[in-house]
Structure formats: structure tokens, C-alpha cells
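*Asks:* Curious how this folds, go ahead:
(2 chains)
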Amino acid sequence: MRLLASLALALLPLLAQQSPPPANPEKDSDKKEAEDGFPVTSDLVKKSCGPCHPADEKGRLSRISFRRTTPEGWQQTIKRMVSLVGVKLDPEEARQTVRYLANHHGLAPEEAKPGMFEVERRMIDYKYPADNDTEQTCIKCHSFGRVLLQRRTRTEWELLLAMHRGYYPLIDFQAFRRTGPPQTEPGPDGRPPDNRHPMDKAIAHLSSAFPLRTAEWSSWSANVRPPKLEGRWMLSGHQTGKGPVYGEVEIHRNPSARDGDEFVTSIRYLYARTGQNVRRTGKAILYTGFQWRGRSMEAGAGQTAMREVMFLERNQREMSGRWFSGAYDETGIDVRLERAGKDAMILGLDRNALQTGARDREVSIYGANLPLKPQPSDVDFGPGVTLKRITQASENRITVLADVAADAKIGPRDLVIAGALKANAAVVFDKVDAIKVRPPSGMARNGGNRFPKMYQQFEAVGYSNGPDGKPDTKDDLELGMLDVAWSVEEYTATFGDDDKEFAGSLDAEGLFTPAGDGPNPSRSGNRNNVGDLWIVATYTTAGSNSKPLRARAHLLVTVPLYIRFEQPEVSQ
Amino acid sequence: MKHLRRVNRKAARIERHLDEQRDVVALQRGGPPQGAPPRPHIPLGCSLLFSPGWEADSSGGAAGLCQPVERDLFDCHLGCFWPAQVPDQLNHSPDWTSKCAAAQKDWRKIDLIFP
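*Replies:* All right, here's what the predicted structure looks like:
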């Protein structure tokens, strides 16, 4: 061994002579940009980033001027500069830097929309249709949402992939480079095989699909301004397992802020199924003229804090998105805000499904500027639904008693009150033909001992087969949330499967609480409390002898995450 | 099954299992008498890279995961094998496991990392 080592030492100068290193090895950061970037005009950004990212004659900082992304994207980069490169920034400077970059090197609304699920922290199925190779290269470690929200020059995309390879050398083998020998046979289409590495295919695709300069950004960046959001906005939403949410949000400019893009909010809403009232106050920043990032909480109760991520429509009259909380952002309300004017507006009903033959069915209608003394004839549910009496009326809520004719045609109904119309506000049905559990598959993570728990909430939704009487056709009617009995069944993956005993518990409201993290000595092999379960909903029609309806969803109870790349700071 | 008879204990277990009419979903690849079951649904947020993945195995379940996860943490950390799930030793958290001689025993001493 020693002999080999000394031989190698002796050969070193020889080897060096044979392949001398280039006189000026080109560093990645020296790569010349072929495309035109955006100059940085902020003194703070120049001061904070300039020492490593020198400005050129046009005021463009290296790398920074050649990329655009969301506030979360910039926040993540700044955090990396602080943690891995040693940049010194105080929190206020970091906030201002993120804000400048998100506003001036950000995304246009059309560019941000397809990736909203990423910043809204939704668990959805996403398939990137444009290029399978690129998708597979990226999603092996993280969501494709991160990619959708980036715009870069070709050189920048190359450098981004190089950064991944530098920080995580193993990804060459995991995703970036082709494994196995190159193909020699032509493909089924007769063309020569594409033997490029996946990362090279990805760079080619990303530079053309997500370039730095786009028509959308030129037009938005020329037009953007701090919007005037002050006023009263009506809130409607849905929280899985809790049902519809109605209320309002008062938005004011933040008096202590320098710019017109910071707001304070006063929020009140109620859960229509239970009548539970909630009051919150919050703060928010509007980035790039349309990206709402806020945080609100109930009076003095930090543990009730929710992050708000919303997308402001160009008409400046509507916003929609998600408010969420939880260690993994798993608990959330899908929200929609609409600016309240002087006219009546209908937000929705407490329970939208009206069964044929129902008598004295109580319906609560939520809205804004509703008539204070309505007559039954003012509230129009359409054919087959007769209003008998109005039991309560206020500006935000009207409660009525209605009869539904036994022979009423089944199908959706528009609701009209005092000139306001809500399309498909109610649905007339004859019977519940099927139920489904939402989400169809869920995920929870063990926690509570050292790492936090990730909960999973389920809800059951009823369906009618619709006028054609056949299931799974286009005319099926969704009947909203139903009260069901919840149970857990074993999802048999192996013989002698015992997940049900260990993975956690499901409560009467469909909320699954996973068991603790860490190895479990009472489980064979010291396994964690992970498992696969069926979450089963059983619906029994009151007073009927018919067979109960059943539906189930798959729940994966799995291990924690030990590193978290989220960027909650952008809402503060 | 008329002409086949079980000869070992594993076959007996399978027979008992099927007699109970339980549906076996995961780690199955279809075929009679069940027909091909639909592919399990893997939630977004699962890393799908490796077999097994971090959150789910190749069939979308937890049965094929490395267990307990703590037994595997050192390797994941040192080799930067799960860059989005476990802190990497190379850059983000060189000392992540320094208070923890054996993760399986000392797992309570490791921290959640916000890079």
C-alpha cells in the first residue's frame, strides 16, 4: 500500500505536466450572461448583495439581475446566503431586500397563477404536462411548484443546476445524470436516441419554458402600483371537515408602514354548520401588486396564528387563496374575498342540498347588504322550492323556512335576492346515492415527542346520481358535506399487518391524530408508528332501512421531516 | 385451488387470509381473482425518488419503508441522500448528529433544522 502511495506521489508532477491546469480556470460565477438582465436600483440591495455580486456598467448585479421569482423564492435564496455563505443581514434589511426583489424582479400574475399551489402549501396532485424529463429531474427531491415559480436566463438555469450539484453531490446519481450505457438503437419513431443527461434536457427545456424576459412581465412591471385595497371585503370559504365559512374582512392601510403595500386587517367569520364565530386581526404585505402574504390571529392568542396567501385579481375586486396553520401547514381554509359595494351580494348557504318533499326546511343565507325586511317573495330559489316564512333577517344573514315539492325537478338552483344572484347556490335532490371521502388520499406524520405532528382532516361528501339515475356521469349532483360515522380499517399491505393498533386515532369529526414519533419498542423491529389505513365513512339515511353508504380514503401515516425549507417570514 | 394443496406454513397463512375475505391492497400486482387494483394514490409532498421513498414505498404505502427511520438517519445525513428531508452533513448541518451517538437511542437529541 505504502509503495503504491509513493509511486503515486512520484508520478504526480508527471501527471501535472501532462495536463496542466488552465491558467485562469473559469469559475461558474464568471460565466458571461448572453442575455440582458434587469438593473438593480435599490441602494440597500446593492449594499447587501454587491460585495459578492458586482454591478456591471448597466447596474446589473451578477446572478440577481438575471432571475425573477416569488417573495418565497427570494427569501429562500437570502436564507441560503446567510446560512451557507455567511452574509450578515439584520432581519429588517432582509425584509426590505426580499420586498424590493419580489417587487422589481418578481413574477407577473399570469406567471404566478399556475404555481399558486406551492405557495398556498396545498397537497394536490400536480402533473407537469410540458416535459416529463424535466419534471422527473426536479420532483425527485421537491415539488415542481418551486420550478414553476422561477424565471431565469439560460446561463442562470445552468448555474442553478450547478448549485444543486455542488451542494448535493449525490444528486448526479439520483436524478441529474443518465445511468446506464448510452442507447445506440433508434427510437420507435426512427430518430436517433437522445442520450443527453436528464439535467441537460432540463436546462434546454427550462430556458425556453421559463425565460427571464417575457411579454407578461414587461407588461405587468410597467403597469404595477400599490393597489388601494382599503375597505370591506366579503369572505366565503371552505374548511375541510368544518364546512362553509362566511364573514368579512376590513382592510386598512398600515399606518406605521412607509409604503402603500402594507395592510392591517380585522376579520370576522363563522362556520355556517356549527355557528362558531371567529374574530381575528392581522397584517399583510402585498408583493408585486398582487401577491398577498399575511398573518392573522385571534386576540392575544399566538397559537391561533394563520398564514394568509392570496392572489389579487387584476380587477382589484377579488382575492382568493388559502389561510393555513399547523406544523406542516396542513390545516387550512380555501378562501375567496370579494369587495363589498352598496348592492346586495349572496355568499352562500349553510347547507346547500334541498331534498324533494322536505317541509319547513330551515336554510340560512349569508351575504352582504341583504334586505332587512324581506318578504318571502323576495327570496327566490327557483321552481319547486316554496318559501313559507322568513324567521330572521339581518344585513349579513337571512334565515328562511322552505318547502320542497315532492315532484320538484332535481338539479342545481340559482338563488336570487333583491337583485343579487348566486348561481348554483342550492341543489334539489331526491336521495343520497353515494358518498365520497375527501381528500381521496391523505398523509399524516408521526410527532409529538421530538418533532411536531402532521394531522389529516377528512370529510364526507354526498352525491346524487342526477336526472339520469346513473353514477359517475356528468349530471351527478354534489350535495355538500354530510354527517357520517368515521372508522379506521386496516389497509392490508403485509400479512399480519398491525398498523391500525399503532398509527394513531380518528375522532368523530374525521380528524386523524397520528401517534408519537420515534422507534416504538412494543412494535416488532422497533418500527415507528407508521402505517397505511383506510379511513372509512358510513352514512345512514335517517329513518330509512336502506343499506348504509360507505366510502373510504387511503391514509399514509409516515415519518417526520427533519429539515424544513418553508418561508413563513414573507408574511411578516 | 381444487387441485392444489398447501405444503408449507406460509401457504397456510395465505389460505387463512383469503378465507377471511380480506382485501389485500398494497404490494399486490393484480391478477385473478382480484383483478388489477387501482394504483395507490401517492400524496403530493411525497418524494418519489427512491425505492423506498422517504414518505411512501413504491406502492404508495408505508410497509416497505426503512424502519425505524432513526436507524437510517446517519446514512441519510452523511451521504446527503435526502437533501429535502434530512439535513445534509456537507453544508447545512455538519454537527447535526454530534449529540447523538446512536440515532436509534438518542433520537430525541437531534433537532429540526430550518436552513
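
*Asks:* Just to be sure, residue A:391 is in a helix?
*Replies:* No. Counting by DSSP: H, G, I helix; E, B strand; the rest coil, residue A:391 is located in no helix; its state is strand.

*Asks:* just checking, it touches residue A:399?
*Replies:* Yes. Counting by Cβ atoms under 8 Å, residue A:391 touches residue A:399, with 4.8 Å between them. All C-beta spots, glycine's among them, are computed from the backbone N, C-alpha and C.

*Asks:* More neighbours: these two, which one.
*Replies:* More crowded of residue A:391 and residue A:399, by other Cβ atoms under 10 Å in any protein chain shown: residue A:399, with 15 against 12.

*Asks:* Confirm the more buried one sits in a helix?
*Replies:* No. Going by three-state DSSP, the assignment for residue A:399 is strand, not a helix.

*Asks:* returning to what we had before: common neighbours of residue A:391 and residue A:399, please.
*Replies:* Residues touching both residue A:391 and residue A:399 (Cβ atoms under 8 Å, 6 or more residues apart in numbering or on different chains): residue A:362.

*Asks:* so residue A:428, which of the three states?
*Replies:* Assignment for residue A:428 (three-state DSSP): strand.

*Asks:* likewise residue A:81?
*Replies:* Classification of residue A:81 using three-state DSSP returns helix.

*Asks:* how about it, what does it touch?
*Replies:* Counting by Cβ under 8 Å, 6+ apart, residue A:81 makes contact with A:49, A:87.

*Asks:* quick one, what contacts residue A:334?
*Replies:* A:237-239, A:320-322.

*Asks:* Looking at these, which are in strands?
*Replies:* Mapping those onto strands (DSSP state E) picks out A:237-239, A:320-322.

*Asks:* any idea how chain A splits into domains?
*Replies:* The record's domain split for chain A, according to automatic domain parsing, is A:28-180+A:194-221, A:231-339, A:349-429, A:434-558.

*Asks:* and those as a markdown table, adding mean pLDDT?
*Replies:* Putting those into a markdown table (pLDDT from 0 to 100) gives the following:
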| stretch | mean pLDDT |
| --- | --- |
| domain A:28-180+A:194-221 | 93 |
| domain A:231-339 | 95 |
| domain A:349-429 | 95 |
| domain A:434-558 | 93 |
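
*Asks:* Residue B:54: which of those domains is closest?
*Replies:* When these are compared by Cβ to Cβ, domain A:434-558 sits nearest residue B:54, at 7.9 Å.

*Asks:* Counting neighbours, what do you get for the residue in the stretch 301-450 of chain A positioned nearest to chain B?
*Replies:* Nearest to chain B, among the residues of the stretch 301-450 of chain A, is residue A:441, at 3.7 Å (Cβ to the nearest Cβ). By the criterion of other Cβ under 10 Å, residue A:441 has 21 neighbours.

*Asks:* go on, residue A:83?
*Replies:* Residue A:83: 15 surrounding residues under other Cβ under 10 Å.

*Asks:* Next one, pLDDT for the spatially closest residue to it that is not a sequence neighbour please.
*Replies:* Spatial nearest neighbour of residue A:83, excluding adjacent residues (Cβ to Cβ, 6 or more residues apart in numbering or on different chains): residue B:115 at 5.5 Å. pLDDT recorded at residue B:115 is 76.

*Asks:* what about residue B:115, distance to residue B:96?
*Replies:* 11 Å (Cβ to Cβ, to the nearest Å).

*Asks:* list the residues that contact both of these two?
*Replies:* Common neighbours of residue B:115 and residue B:96 (Cβ under 8 Å, 6+ apart) are residue B:87.

*Asks:* who's more crowded, the two?
*Replies:* residue B:96 (21 against 16).

*Asks:* The more buried one - that's part of a strand, no?
*Replies:* No. Counting by three-state DSSP, residue B:96 is located in no strand; its state is coil.

*Asks:* Grab the nearest non-local neighbour of it.
*Replies:* Counting by Cβ to Cβ, 6+ apart, residue B:87 is the residue found nearest to residue B:96 once chain neighbours are left out, at 4.8 Å.

*Asks:* What's the local residue count around that neighbour?
*Replies:* Residues within reach of residue B:87, counting by other Cβ under 10 Å, total 27.

*Asks:* how about it, what does it touch?
*Replies:* Counting by Cβ under 8 Å, 6+ apart, residue B:87 makes contact with A:562-563, B:77, B:93, B:96, B:113, B:115.

*Asks:* Which pair of these spans the longest distance?
*Replies:* B:77 and B:115 (13.5 Å).

*Asks:* who touches residue 106 in this structure?
*Replies:* I went with chain A, as the question did not name one. Residues near residue A:106 by Cβ under 8 Å, 6+ apart: A:68-71, A:287-288, A:291.

*Asks:* sorry, should have said chain B
*Replies:* Per Cβ under 8 Å, 6+ apart, neighbours of residue B:106: B:99-100.

*Asks:* I'd like to know how far it sits from residue A:378.
*Replies:* Residue B:106 sits 69 Å away from residue A:378, going by Cβ to Cβ.

*Asks:* which residues of chain B fall in strands?
*Replies:* Remark: strands of chain B are absent; assignment by DSSP E.

*Asks:* which residue does the stretch 1-150 of chain A bring closest to chain B?
*Replies:* At 3.7 Å from chain B, residue A:140 is the closest residue in the stretch 1-150 of chain A, using Cβ to the nearest Cβ.

*Asks:* That residue contacts residue A:175, correct?
*Replies:* Yes. Residue A:140 is within contact range of residue A:175, at 4.4 Å (criterion: Cβ under 8 Å).

*Asks:* anything in the helix or strand bottoming out on mean pLDDT in chain B near chain A?
*Replies:* Here the helix or strand of chain B ranked lowest by mean pLDDT, DSSP states H and E is helix B:9-19, holding a mean of 78. Yes. Contact of helix B:9-19 with chain A (Cβ under 8 Å from any Cβ of the partner chain) involves B:13-14, B:17.

*Asks:* Among the residues you listed, which one lies nearest to residue A:78?
*Replies:* residue B:17 (55.3 Å).

*Asks:* Next, count neighbours for residue 68.
*Replies:* Using chain A here. 30.

*Asks:* Not quite, go with chain B.
*Replies:* For residue B:68, the neighbour count with other Cβ under 10 Å is 24.

*Asks:* Over to residue A:179?
*Replies:* Count around residue A:179 with other Cβ under 10 Å applied: 10.

*Asks:* got the contact list for it?
*Replies:* Contacts of residue A:179 by Cβ under 8 Å, 6+ apart are residue A:173.

*Asks:* hang on, the earlier thing: contacts with chain B among the ones in strands among the contacts of residue A:334, please.
*Replies:* Contacts with chain B are made by none of these, judged by Cβ under 8 Å from any Cβ.

*Asks:* could I get those residues as a markdown table with neighbour count?
*Replies:* Listed next are these as a markdown table, based on neighbours: other Cβ atoms under 10 Å in any protein chain shown:
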| residue | neighbour count |
| --- | --- |
| A:237 | 24 |
| A:238 | 18 |
| A:239 | 18 |
| A:320 | 18 |
| A:321 | 25 |
| A:322 | 21 |
